[in-house]
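Chemist: compute the structure for the input listed below.
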Amino acid sequence: MVWYGLQYVMIPIYMKLAKKESGLFQKHMSEAFRANRMDEMRKLVDENIEMVKTTTERGIITMTLRLAIQERDDLLISMLFGRLSMKRDYFELMMYKRDPCYSIQLFEAHIDVALLEPKDIKMFVEHGMSYLLRRLDGKFIQYPEETHQADFDASSILRRYVLPNCKYYIEKITDALDSNPKNKTKRHIATVDQIRSLATSSSIGYDVIIDGGNVLHSRNGQPNPDDLRRMITILQTRGHSPLVIIHVSHTDPHKTPSPPDYVLQMINILETSKVQFITTPFGLNDDLFILLAYLIRIESGLGSGCSIVTRDTYTDHMDTFKHRQKNVSDDFGKYLAHDLVSFTAVDVHNQMYIPDATPKPYTNCIQIVESYAYIPLTSTGPEFAQILISGEPHGEPHGEPHGEPKVPRTPPNGEPHGEPHGEPHGEPKVPRTPPNGEPHGEPHGGEPKVPRTPPNGEPHVEPHGGESKVPCTPPYE
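Modeler: All right, here's what the predicted structure looks like:
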């Protein structure tokens, strides 16, 4: 029997609600919640408790959870807990409990930080949960408001991070080259070896990669060798050590439709400028070698980083090489975007304009420095919000000293960087749903609490008037 306002609809409890009927139930729950008609919501739930016990409809679970939180009904929360799947549900439980240890456990066990949005960061700050920002060190999420913009010297406080999982992305790209059906003779191997030799050299090396094909075709789609010459000259004059990566079709007369004098001109530019250059094999995408040269140089830790001068964004490759692991997702694309340097091919005075191509001394990501979280306000920087981290559990680490090189760690299990002090390694424990489906009820005295489920499956109930606090280390296994 499903109850809608003043109308009853008879439905056997063993039948799954039809999509339309569950939609109506959710609609009435939502309307009652917005109008603060808690009695009506409670009656809806009570009359349909068998459905509430088993439904997997996210909207119904969310609305029922909100009712349970509003009425401090911890047994109803316990009934729903094992079916929660929306980050907003876990956030509401965190705000309800207001217990840092409990919130940290929920966050680390159930929140994929790759799915967090700027509004979530704002919510953490506004609801006294800024201590969760420590779990976002090195993540590429922006703060949605400029009201917290801090006036400080970013280059003296913030640091350049090494992209986590560099090896993963390098392997993904080399695997793509290796499995290309046009590459049966494995022509990429010698080129990759050449890139690795340069990238890992402390004496030769490079700090800027020039996307040769992109520069050549930056005007009207027709290759213009003079643009590449200008680019090389400008960067060398500024003190850079550029590496030009260019497709072999620009330098091999047997593999280009261009006239022979074009090839000779290109070879002359590359040789007389004394620039380091690598030609990529015919039939293979030169973008992949540019990305490899960038990643291998970053992974080496040599120099102060690496930038790429190009008008390309390489977004067409990011989905292909996205890391599917929890908490990682598209970190590569966001990290790379900070090191791309666009340019103006030729202005009205026949001059090429290139912004400063020096690798930035800090990464445009959330950075934790002692008791503060620095959160970027834009995707490119340099403005940051400065947030004081407060409300941390006793014994929580308070950051690393200034000036220490910092590399966010991403453990193999995909959990966020950093464990809370005193917490055992492994999956944080959270309350489990009682398998016997005990009916909900009003909690006993004391602070509200999500019940823990002992091994015998009976819901745990605190003694009347007992203190309700979820410890950092739950007593169950």
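Chemist: looks like residue 169 contacts residue 332 (just checking).
Modeler: Yes - counting by Cβ atoms under 8 Å, residue 169 does reach residue 332; the two are 5.4 Å apart. In this view, the C-beta of every residue, glycine as well, is placed from N, C-alpha and C.
Chemist: what touches both of these two?
Modeler: By the contact definition Cβ atoms under 8 Å, 6 or more residues apart in numbering, residue 169 and residue 332 are jointly contacted by 163, 321, 323.
Chemist: list the residues that contact the second one.
Modeler: In this structure, residue 321 makes contact with 169, 172, 173, 176, 291, 332, judged by Cβ under 8 Å, 6+ apart.
Chemist: next, the residue positioned nearest the centre of the chain: secondary structure please.
Modeler: Per Cα atoms, centre = their mean, the C-alpha nearest to the average position across the chain is that of residue 114, at 3.4 Å. Three-state assignment for residue 114 (DSSP: H, G, I helix; E, B strand; the rest coil): helix.
Chemist: for it, report the pLDDT, please.
Modeler: We have a pLDDT of 84 for residue 114.
Chemist: contacting residues around the residue lying closest to residue 389 once chain neighbours are set aside?
Modeler: Once flanking residues are discounted, residue 389 sits nearest to residue 130: 5.0 Å by Cβ to Cβ, 6 or more residues apart in numbering. Neighbouring residues of residue 130 by Cβ under 8 Å, 6+ apart: 124, 373, 387, 388, 389, 390, 391.
Chemist: give me that answer again for 7 Å
Modeler: In this structure, residue 130 makes contact with 124, 373, 387, 389, 390, 391, judged by Cβ atoms under 7 Å, 6 or more residues apart in numbering.
Chemist: what is the neighbour count of the first one?
Modeler: Using other Cβ atoms under 10 Å, residue 124 has 22 neighbouring residues.
Chemist: touching, it and residue 135? I think so.
Modeler: No - judged on Cβ atoms under 7 Å, residue 124 makes no contact with residue 135 at a distance of 9.8 Å.
Chemist: okay, now the unreliable bits of the stretch 201-350 of the chain?
Modeler: Low-confidence segments of the stretch 201-350 of the chain (pLDDT under 70): 324-329, 346-350.
Chemist: can you pull out the helices in the stretch 301-450 of the chain?
Modeler: 315-318, 331-337 (DSSP state H, counting those that start in this stretch).
Chemist: buried sites along the last one?
Modeler: If you call a residue buried by 16 or more other Cβ atoms under 10 Å, then helix 331-337 has these buried ones: 331, 332, 333, 334, 335, 336, 337.
Chemist: and the two most separated of these?
Modeler: Spatial extent of the buried residues of helix 331-337 (Cβ to Cβ) is set by the pair 331 and 337 at 10.8 Å.
Chemist: so which bits of the helix or strand hosting residue 104 are buried?
Modeler: If you go by DSSP states H and E, residue 104 is part of helix 100-110. In terms of neighbour count (16+ other Cβ under 10 Å), helix 100-110 has its buried residues at 100, 101, 102, 103, 104, 105, 106, 107, 108, 110.
Chemist: what average pLDDT does that helix get?
Modeler: 95.
Chemist: what helices or strands is that helix leaning on?
Modeler: Here helix 100-110 touches helix 87-97, going by 3 or more Cβ pairs under 7 Å, 6 or more residues apart in numbering; DSSP states H and E.
Chemist: mind listing what's buried along the helix it packs on?
Modeler: Residues 87, 89, 90, 91, 92, 93, 94, 96, 97 are the ones in helix 87-97 that count as buried (16+ other Cβ under 10 Å).
Chemist: which one of those residues is nearest to residue 196?
Modeler: Nearest member of those to residue 196, counting by Cβ to Cβ, is residue 87, at 40.2 Å.
Chemist: wait, that closest one touches residue 111, no?
Modeler: Yes - in this structure, residue 87 is within contact of residue 111 by Cβ under 7 Å, at 5.7 Å.
Chemist: any idea how far the residue lying closest to residue 94 once chain neighbours are set aside lies from residue 90?
Modeler: Counting by Cβ to Cβ, 6+ apart, residue 103 is the residue found nearest to residue 94 once chain neighbours are left out, at 4.1 Å. Note on residue 103: its distance to residue 90, by Cβ to Cβ, to the nearest Å, is 9 Å.
Chemist: try residue 232
Modeler: For residue 232, the distance to residue 90 (Cβ to Cβ) stands at 53 Å.
Chemist: what do you get for residue 193?
Modeler: 47 Å.
Chemist: can you give me the strands for the chain?
Modeler: 2-4, 7-9, 208-211, 242-247, 276-280, 307-309, 340-341, 367-369, 372-376, 384-388 (DSSP state E).
Chemist: what would those strands look like in TSV with distance to residue 150 and mean neighbour count?
Modeler: Formatted as TSV, these follow (distance: least, Cβ to Cβ, whole Å; neighbours: other Cβ atoms under 10 Å):
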stretch	distance to residue 150	mean neighbour count
strand 2-4	52	17
strand 7-9	56	10
strand 208-211	30	26
strand 242-247	34	24
strand 276-280	40	21
strand 307-309	25	23
strand 340-341	25	18
strand 367-369	11	23
strand 372-376	7	24
strand 384-388	3	19
